[in-house]
Structure formats: C-alpha cells, structure tokens
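Enquirer: just to be clear, the model below is a prediction. Sequence and coordinates:
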2 protein chains.
Amino acid sequence: MTTPLAARIAKEYGTPCAVIDMDKVERNIARIQAACEAAGVANRPHIKTHKSPMLAKMQVAAGAKGITCQKLGEAEVMAEAGIDDILISYNLLGDEKMARLGALQAKANMTVAADNATVVADLPKAAAASGRPLSVVVECDTGRKRAGVETPAEAIALARTIASSKGLQFKGFMLYPTETGWLDAQKFYDEALAGVRAHGLDAKMVSTGGTPNLKNVGKLKGATEHRPGTYIYNDRMQVAAGVASWDDCALNIYATVVSRAGPDRGILDAGSKTLTSDTGGGLDGHGLILEHPEAKIAKFAEEHGFLDLVRSNTRPNVGDVVRIVPNHVCVVVNMMDEVVMVRGEEIVGVLPVAARGKLR
Amino acid sequence: MTTPLAARIAKEYGTPCAVIDMDKVERNIARIQAACEAAGVANRPHIKTHKSPMLAKMQVAAGAKGITCQKLGEAEVMAEAGIDDILISYNLLGDEKMARLGALQAKANMTVAADNATVVADLPKAAAASGRPLSVVVECDTGRKRAGVETPAEAIALARTIASSKGLQFKGFMLYPTETGWLDAQKFYDEALAGVRAHGLDAKMVSTGGTPNLKNVGKLKGATEHRPGTYIYNDRMQVAAGVASWDDCALNIYATVVSRAGPDRGILDAGSKTLTSDTGGGLDGHGLILEHPEAKIAKFAEEHGFLDLVRSNTRPNVGDVVRIVPNHVCVVVNMMDEVVMVRGEEIVGVLPVAARGKLR
C-alpha cells in the first residue's frame, strides 16, 4: 500500500527521501517551549538534530533563549544566518579551532564548555582574537562517563582557573544527567555552586540536557536552561523513552520496496547509508514501518534494508513506497543534503540541511 | 603522542579529518587489478567506497573494464566525469528513476540489475527515453538472502522476460556469493546458463562481487568480471577477512583526544557522525587506534568517541591527535565532503567526495 502523498514524493523526488511534516514540527516546537516555560527554565535547543538555520530561527521565535551546537562548523552556519546566542557544548582546543572560535565570537555571543585545563589554556587565544571576553561553562559528569569533570572539587578548581584566565568569564555549569541521576546531579551541583561562591564566583548559567530528560526538566533546583535536541522531530528512541508519541514523529524516511525474492522477506532501497546502523540504544530492528508495523528491518547493507516479514499479515509488493520512523533521527538527518517539507498531504517545499556533515 | 603529519593535519584542516595515503591507494589499485588479471576476470570496481571520479578514473587507467555503482546519483556523477561503462548493481524502478536512467543511458553505456518482473516491466521506459537498447543482468541470490532470484528456474524465466522486452538486452548474471558459498554459486550459475542457452540466449557478462571475496576471485568458472569496492582503501573488516594488512589501510580518521576525565577513559572528537555505528560485522570496538592499539573505542555519542583505556599501557593526553582505522570505510567516507590526500608524510591536496550522500 502506497499513500497518495508517498506516491507523489517518489515521483517528484525519488526514494529514499526524508520528509518532515511542518505541522508536527511546529507543534513539537510549541509543546516543548511551553514545557520549559512551565518548569521555569529557558529553552536552548540543540540544533544537531535538524542542522537548519530556518528551524533554529523558528525555535528562537517561539521563545528559545538561544541555541546549542556540538561543533564549530554548526555554529558557523547558525551565526552566519544571524543567530547570536550560541552555546557550543563541547571541549574545543587547538590553533585551528581557536582561530575559528575567535572569528565566531566577534559576530555572535558565544559560550563554550570545558572539562579540563588544557582546553582552558587554549581558549584565551580565541578571546584575544575576538577582542572581547569569552564565556565558559564547566562541564560536569553526572553519571554518563562521557565528558565532564568527575567531582565538585574539580569543577570548582576549573571554574577558578577559567575566572583567572585572561579574556575568559566563568559562566556556570553544564550537566547532562542520566534519566535516573537527577538527585546525584543536584548533590554535585549544590557542592560545586557553594564552592565557587566561596571564591567569589557565581553560576549564571546552569544547563541541563536531553530530550529524554524533558520528563525531568526543572527538577534540578538552580537550573537556568535546558538543551533538548531531538524533540523537534522525535524518533523511535523518544517514543521508547516515553517523551513522544508516534504521532509526534515529524520525520519519516520514504523508501521503496525493490525486491521480494522470498515470501518472508524483502529489500528496501534504504540501508545504512540512509538510516544508519544506530540501534537507538538497543531497539529491536532499524526503524518502524508505519504501513507494516509488524515487519522488522532486520539488518542493513549500505543501500539495502533487509525486511523480515515473518510476523506480517500484510506484506508489501515490489514498488510499494513505505514510511519509516527511524531509530535515531539526528544521525539520519546528518545523511541528507535536504529534506522535503509537507503539511499533512501537501508538499510545501525543500529544506536544505545546511550544517549537514559539519564534523569539525 | 602526535605524529608530525597529524599535527599538520590538525593545524591546517582541523579534526576529525579523513586522510588518504595516495601511495597506498595506488598500490591497492595495482595489486587488485593484477589479481583480477591473474585470475582471468575483468575488474569492475565498485565506486561506493570512494565516490570520487578521480579515483574511478585511476582504476580505469590501471585496467578496470568499467565501474559499478549502487545508486543512480553515483552513476550520474561518474558519467558526468566521462566514465562510459557503468553497471548499477541494483533494482531500479519508478518513473523518476526511469527518466534519470534514460538520460544516463543516452551518454554512457549502462547495465542494470534486476531480480523481479516489476523492475523489468519498468526498464523499457528508460530504454525508450534513451533511444537505444539497455543491458540488463539477472541478479541471483547465492546465500546472502539480499536481492537476487532464489532459483535457477526463476533466473531463466526472468532472463527470457528481459530478452522479450522492447528495448532491453539480456546481458548475463550478477552474483555475490558468500565467502564459503562458491560451490553453490557454481551450481546455480551452471544451471541458469544451461537454461538460458536452451532458449537461445547467452551470458556475456557474469559478475561476482566483494573485496572479502578477492581470495576467491576466478573460482567461479564462467565468471567474466569481479566487483570489488573496499580494496581501494581497506579497513578493519578487510584485515579481519584476511584480504588486507594494516599497512594496506589507506584511509585514517585523524581525531583529537578532547577529554580525559578519568584515568581509564577518554573522549575523541569523532563519534557516530564521523565513524558511524557500523560494527563491521561484529568487530570489537569502533576502530583501531594506530598509536594505542590496546585502547578500545567502546561506544559512541554523535560527536563523542568513548575511549576505554583499561588495557592501555600508554595513554593519550588531551590534545593528542590519533589515527584511526575505521571498521567499515565505505560508510565513513560517505560522511565526508572531502578527504585530505597525503603521500607518506607530505600533504598533497584535498579530494572532494563528489558522490557523497547520493542516496537515490
């Protein structure tokens, strides 16, 4: 079964094709903006999900305080488009990055994260190049064992190093608590805050993160901001995390069934170069097919999606165009030069993924 | 420890950065061309690995008969660059694709694969649009359960349908045997060949595939061509398959250690948006770090590579630039707009990945 819209998408753009429903995008933007406001924290959406200045500006127009980027290249695209309050939630270092950060800071209000003294020792180069102070938050690890200092004592020491570095301003703390780790995060933050206050500093920006954490937004007493990313599109991971419904999933991959060589199996023209091998934290299969929810995208070759139809009462024919909700939408969007925009059944335009592939 | 070349790459281009050694690329091209010639089959390299017309032309100049593409968009880039013998080893169907295939066939000699009658029913539209006959091979499944008819009888029937379709020429068979399935493939092929001959047809093109299968190249009696892709760069998968050494791995991802928040762990600035979540068929970890082969890239966030250093005697510092051999190079190259070319320790230029992201 191919919906009339899917047939038009296939005819006009070909498959596989990423399609976003702008009605759902706008609804997601409004809903999470309202949730942040209700929780008393500012919204600083992470643009790594959509990588589009147009969508970032819609988030800001809806009330977001600014945006979050993970890479300098993303921030460069956003600043060029006129967004002027940007957090890069990442350790940046090295001469090449300091020159670019300095140029960025000259045209937008930049904040960067740091979890170690080597990074803090490099950042004054960027501040000097821009001719004005650079804001730095201390990234704190609260259970993910990713980046972030492991103890409040280290956070306090790094905050003091930042505050005493020429051209740098200590701005506060960045946390990314696990979904069950908010009490630990509170303890860490309270200790770190007391420590910096004892040295005459204060935390004006206290940032928490994650779309799955939207159910916890506002739980950290003292938090000023939250950095959700995936909520603008949502995906199987967010549905599994209980923060979105299938109807909130604004992005689908439209793919064609190109082979049905056996009765219990088929092949989609979307493989790991379209949907990626991201399992979404261990989900079963590589996406949900809306027309055949019992079918399983069992594995991938680069341009082949292997359909296991054993459990499907209805089975697609060769030529059918199906809609897939991906496991992890952020990495899928990063595969695309553009996405097609629809509203309900109407195609309304094409949106470039302007910061796609900005890996540095 | 950062090598002098790695320091220069980081300074001039930033990290993460894909770097290819052209001396190794040329050696790989020559070695596999010689292997195909020694086995008495033509080489038709799959360009899905490098997606670069310049490298495709080097393969042709070294003796390749033509090239293989998986997507129309890849073939369009290659034909535009002047390559005129192109196999698209994929079921193509639908009006949008037939129009593009017709335009391609008007400027290059195209062959396409088919494993079902729905695809064969569409292909005459492309032939008609181009004004000349289109060559079609029957894709045969010989154990992978991907695309491909499952039985010689189906192969024979589809060959006859192709031969009787206006504007189509039956060209032969395309196989992709598993590494241990060559005897089965021989049996399948022999039966299919006898069957088409009994109907007055012949198989001028009999194509086998895969870089891991280079150890089997020539084993199928009657094969005329082989389609290896990954051999131009190689990766951890090819080393694991025994068809390449570490020194044959021509592409490295240069990445910076940006965090060492705990003694036994660290973070690289290359995550799933650089190295992809492809496990390379179940390899342990997400790449080999040449400077720290005992370190494990244990997991990924989108822009974070999680380093497990428990087994490492030497441990990198924040700011160190390391070189990574990826699990599966084809999907990694597809993340990049360009790769930096070196010869030994010298940077010699930048190569656009011209067909990157051509997902349709």
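Expert: Received the coordinates, thanks.
Enquirer: tell me what the host helix or strand of A:Ser135 is packed against?
Expert: In the assignment (DSSP states H and E), A:Ser135 maps to strand A:134-140. Here strand A:134-140 touches strand A:85-91, strand A:109-114, helix A:117-130, helix A:152-163, strand A:168-175, helix A:182-198, strand A:205-209, going by 3 or more Cβ pairs under 8 Å, 6 or more residues apart in numbering or on different chains; DSSP states H and E. (Each C-beta comes from the backbone N, C-alpha and C, glycine too.)
Enquirer: list the contacts for the closest residue to A:Leu55 other than its chain neighbours?
Expert: Nearest non-adjacent residue to A:Leu55, counting by Cβ to Cβ, 6 or more residues apart in numbering or on different chains: A:Ile232, 6.5 Å away. A:Ile232 sits next to A:Val25, A:Asn28, A:Ile29, A:Pro45, A:Thr49, A:His50, A:Leu55, A:Gln59, A:Ala250 when contact means Cβ atoms under 8 Å, 6 or more residues apart in numbering or on different chains.
Enquirer: restricting to C-alpha, output stretch A:228-246 in PDB.
Expert: The C-alpha trace of stretch A:228-246 is given here as PDB (Å, rounded to 0.1, in the frame of the first residue of the first chain):
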ATOM      1  CA  PRO A 228      16.700  19.400  24.200                       C
ATOM      2  CA  GLY A 229      17.500  18.500  20.600                       C
ATOM      3  CA  THR A 230      15.600  15.500  19.200                       C
ATOM      4  CA  TYR A 231      12.100  16.800  20.300                       C
ATOM      5  CA  ILE A 232      11.700  18.900  17.100                       C
ATOM      6  CA  TYR A 233      11.400  15.600  15.000                       C
ATOM      7  CA  ASN A 234      11.300  12.800  17.600                       C
ATOM      8  CA  ASP A 235      12.000   9.100  16.700                       C
ATOM      9  CA  ARG A 236      11.700   5.600  18.000                       C
ATOM     10  CA  MET A 237      14.100   6.300  20.800                       C
ATOM     11  CA  GLN A 238      11.900   9.200  22.100                       C
ATOM     12  CA  VAL A 239       8.800   7.100  21.900                       C
ATOM     13  CA  ALA A 240      10.600   4.300  23.800                       C
ATOM     14  CA  ALA A 241      11.700   6.900  26.400                       C
ATOM     15  CA  GLY A 242       8.100   7.900  26.900                       C
ATOM     16  CA  VAL A 243       8.500  11.600  25.800                       C
ATOM     17  CA  ALA A 244       6.800  11.400  22.400                       C
ATOM     18  CA  SER A 245       4.000   9.500  20.700                       C
ATOM     19  CA  TRP A 246       4.200   8.100  17.200                       C
END
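Enquirer: list the buried residues for that stretch?
Expert: A:228-239, A:241, A:243-244 (16 or more other Cβ atoms under 10 Å in any protein chain shown).
Enquirer: before we move on, what about stretch A:307-321?
Expert: Here stretch A:307-321 shows A:Leu307, A:Asp308, A:Leu309, A:Ser312, A:Arg315, A:Pro316, A:Val318, A:Gly319, A:Asp320, A:Val321 as buried, counting by 16+ other Cβ under 10 Å.
Enquirer: JSON lines for the residues you listed, including pLDDT and distance to B:Pro326?
Expert: Putting the buried residues of stretch A:307-321 into JSON lines (pLDDT from 0 to 100; distance: Cβ to Cβ, whole Å) gives the following:
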{"residue": "A:Leu307", "pLDDT": "98", "distance to B:Pro326": "27"}
{"residue": "A:Asp308", "pLDDT": "98", "distance to B:Pro326": "28"}
{"residue": "A:Leu309", "pLDDT": "98", "distance to B:Pro326": "32"}
{"residue": "A:Ser312", "pLDDT": "95", "distance to B:Pro326": "35"}
{"residue": "A:Arg315", "pLDDT": "96", "distance to B:Pro326": "36"}
{"residue": "A:Pro316", "pLDDT": "97", "distance to B:Pro326": "34"}
{"residue": "A:Val318", "pLDDT": "98", "distance to B:Pro326": "34"}
{"residue": "A:Gly319", "pLDDT": "98", "distance to B:Pro326": "35"}
{"residue": "A:Asp320", "pLDDT": "98", "distance to B:Pro326": "34"}
{"residue": "A:Val321", "pLDDT": "98", "distance to B:Pro326": "32"}
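Enquirer: ok, and which of those reach chain B?
Expert: For chain B, the contacts drawn from these by Cβ under 8 Å from any Cβ of the partner chain are A:Val318, A:Gly319.
Enquirer: any chance of JSON lines for the buried residues of stretch A:307-321, columns secondary structure?
Expert: Formatted as JSON lines, the buried residues of stretch A:307-321 follow (DSSP: H, G, I helix; E, B strand; the rest coil):
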{"residue": "A:Leu307", "secondary structure": "strand"}
{"residue": "A:Asp308", "secondary structure": "strand"}
{"residue": "A:Leu309", "secondary structure": "coil"}
{"residue": "A:Ser312", "secondary structure": "coil"}
{"residue": "A:Arg315", "secondary structure": "coil"}
{"residue": "A:Pro316", "secondary structure": "coil"}
{"residue": "A:Val318", "secondary structure": "coil"}
{"residue": "A:Gly319", "secondary structure": "coil"}
{"residue": "A:Asp320", "secondary structure": "coil"}
{"residue": "A:Val321", "secondary structure": "strand"}
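Enquirer: still on that earlier bit, nearest to B:Ile162 among the helices and strands packed on strand A:134-140 would be which one?
Expert: Nearest of the helices and strands packed on strand A:134-140 to B:Ile162, taken as Cβ to Cβ: strand A:85-91 at 53.8 Å.
Enquirer: show me where the stretch 1-150 of chain A has its strands.
Expert: Per DSSP state E, counting those that start in this stretch, the stretch 1-150 of chain A carries strands over the ranges A:17-21, A:42-43, A:67-69, A:85-91, A:109-114, A:134-140.
Enquirer: in this structure A:Ala126 contacts A:Ser135, no?
Expert: No: judged on Cβ atoms under 8 Å, A:Ala126 makes no contact with A:Ser135 at a distance of 11.3 Å.
Enquirer: closest one to A:Glu80 out of the contacts of A:Ile232, please.
Expert: Nearest to A:Glu80 among those, with distances taken as Cβ to Cβ, is A:Leu55, at 15.1 Å.
Enquirer: quick one: that closest one from A:Val333, how far?
Expert: 10 Å (Cβ to Cβ, to the nearest Å).
Enquirer: what angle sits between the longest strand along chain A and strand B:134-140?
Expert: Counting by DSSP state E, the longest strand found in chain A is strand A:251-262. Orientation check (axes from the mean of the first three to the mean of the last three Cα atoms, to 10 degrees): strand A:251-262 against strand B:134-140 gives 70 degrees.
Enquirer: sheet-wise, list the partners of the helix or strand just after strand A:251-262 with their directions.
Expert: Once the chain leaves strand A:251-262, the next helix or strand it forms, by DSSP H and E, is strand A:265-268. Strand A:265-268 has the following strand partners under DSSP bridges: strand A:251-262 (antiparallel), strand A:305-308 (antiparallel).
Enquirer: quick one, which of these is nearest to B:Ala38?
Expert: Taking Cβ to Cβ, strand A:251-262 is the member of the strands paired with strand A:265-268 nearest to B:Ala38, at 33.4 Å.
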